[in-house]
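**Student:** give me coordinates for this.
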Amino acid sequence: MTSAVFDVAVICGGLHGLSAVLHLGRAGKRVIMLERAWVGRHASRACAR
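**Tutor:** This next block holds a predicted model:
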């Protein structure tokens with residue numbers, strides 16, 4: 001069985017989440033983003049509710 005290993009999990013794909021994933025990825029981290037609906041569709045504040 002193969003399992004994925006990540007360094008960081010980012011919850012919410014709003015503006016701040018996407019920026020975090022971009023910068024962490026550029027820094028060489030293995031990142032996974034968890035989003036309830038569509039990535040980039042809602043503002044970061046909508047995920048905080």
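
**Student:** now the helices: where do they sit in the protein?
**Tutor:** With helices called from DSSP state H, the chain shows them at 15-26, 44-47.

**Student:** using CSV, please lay out those together with mean pLDDT.
**Tutor:** Formatted as CSV, the helices of the chain follow (pLDDT from 0 to 100):
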stretch, mean pLDDT
helix 15-26, 93
helix 44-47, 57
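
**Student:** between these, which gets nearest to F6?
**Tutor:** Among the helices of the chain, the nearest to F6 by C-beta to C-beta is helix 15-26 (10.0 Å). Placement of C-beta: from N, CA and C, glycine included.

**Student:** packing partners for that closest one?
**Tutor:** strand 8-11, strand 31-34, helix 44-47 (3 or more C-beta pairs under 8 Å, 6 or more residues apart in numbering; DSSP states H and E).

**Student:** L22: how many residues sit nearby?
**Tutor:** 11 (other C-beta atoms under 10 Å).

**Student:** please consider this matter closed, and thank you.
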